[in-house]
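*Asks:* Quick one, what's the 3D model for this:
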Amino acid sequence: YLGIEIGGTKLQLGVGTGDEPRLIALERRDIDAARGAAGIREQILEAGRLLLDRHDIQRIGIGFGGPVFGDRGLVQTSHQISGWDQFPLADWCREQLGKPAALGNDCDVAALAEACFGAGRDRHSLFYVTVGTGIGGGFVLNRRIHGTNRPAAAEIGHLRPGLDCTDSHDTIESRAAGPAIAAAVQKILADSAISPDHKDLLARCGGNSSQLTTRHIAEAANAGNSLAIDAYHQAARVLGWGLAQMTTLLAPEVVVVGGGVSLAGDDGFFNPLRAAMAEYAFRPLLDSATVVPAALGEEVVVHGAVA
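*Replies:* Residues are numbered from 1 along each chain as shown. Next comes the predicted model:
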């Protein structure tokens, strides 16, 4: 099977058998946003035909970085790349590459990958959340993605954390994703007196706080920087609240967390996340879901597309 991941900055195409967490071949391409969807489709044809020539591929799976109508093989839109609105991507793949194709949202197929091959492979129900530039979710029950016939499903990043959040932009994503963590620390650096922790963070970004990234902040947190630790803990608390609400409704056996923000590790991220989930949990479901890091790394969406 050929698995394709279409993101906002990268394109990956991998070949797998669908019964193990191993790719036989992998092609990566950087995406030029200025070329739009047409440029990405050109890259898919170039890399896809290369892999089709080399391997006995039967079907194609696609994980797309944006909302889709999976049951119709139709992209709704992309929030990063122009030219994808209402595009029949599964039909296009069948016509251009000569193989049947299935389409899913990238976070949904990542959830499927972790359920089939990764951290949830021994469980019946799994909720996957990726925390990076944005926050997305996916729910898999008995190795089937929930909501493929719906406009959206499991979008935990778009929960509004509290009754006072009447602004549609005031969401878990706006408070707990990578850019929110960076913005919170940048504000502290601008508004507060200089301390050793301030100096440490500024040194990590060359003295320019506007260049401070969540990677810098995670490294600082792991080194004991109290400002970085506080920012990560606040984001983890917001996300933990959301995961507690999700657990009350869906009661998954395992919650798998991936994405760049989660790389801050146990002390910086996972321990405060688990603590917040416990604080807000429905008592009969307290400790009912194991919270674990994602297992499949940067190829998780490709594995999910293959699955």
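
*Asks:* those strands in the stretch 201-307 of the chain, which residues are they?
*Replies:* Along the stretch 201-307 of the chain, the segments classed as strands by DSSP state E, counting those that start in this stretch run 254-258, 290-293.

*Asks:* oh sorry, the question was meant for the stretch 51-200 of the chain
*Replies:* Going by DSSP E, counting those that start in this stretch, the stretch 51-200 of the chain shows strands at 60-64, 68-69, 74-75, 101-105, 125-131, 135-141, 144-145.

*Asks:* would you turn those strands into a markdown table with distance to Ala115 and mean neighbour count?
*Replies:* Bear in mind the C-beta positions are built from the backbone N, C-alpha and C, glycine included. Converted to a markdown table, the strands of the stretch 51-200 of the chain look like this (distance: least, Cβ to Cβ, whole Å; neighbours: other Cβ atoms under 10 Å):
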| stretch | distance to Ala115 | mean neighbour count |
| --- | --- | --- |
| strand 60-64 | 14 | 27 |
| strand 68-69 | 19 | 23 |
| strand 74-75 | 23 | 21 |
| strand 101-105 | 13 | 24 |
| strand 125-131 | 5 | 28 |
| strand 135-141 | 4 | 25 |
| strand 144-145 | 9 | 16 |
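
*Asks:* Please convert the strands of the stretch 201-307 of the chain to CSV, extending it with mean neighbour count and distance to Gln12.
*Replies:* Formatted as CSV, the strands of the stretch 201-307 of the chain follow (neighbours: other Cβ atoms under 10 Å; distance: least, Cβ to Cβ, whole Å):
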stretch, mean neighbour count, distance to Gln12
strand 254-258, 25, 15
strand 290-293, 17, 21
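
*Asks:* Can you tell me which of these is nearest to Ala278?
*Replies:* Among the strands of the stretch 201-307 of the chain, strand 290-293 comes nearest to Ala278, with 9.9 Å by Cβ to Cβ.

*Asks:* Listing partners with orientation, what would you give for the closest one?
*Replies:* strand 254-258 (parallel) (DSSP bridges).

*Asks:* what angle do the strand it pairs with and strand 135-141 make?
*Replies:* 150 degrees (axes from the mean of the first three to the mean of the last three Cα atoms, to 10 degrees).

*Asks:* rewinding a little: which one of the strands of the stretch 201-307 of the chain lies nearest to Lys99?
*Replies:* Nearest to Lys99 among the strands of the stretch 201-307 of the chain is strand 254-258 (28.3 Å), distances taken as Cβ to Cβ.
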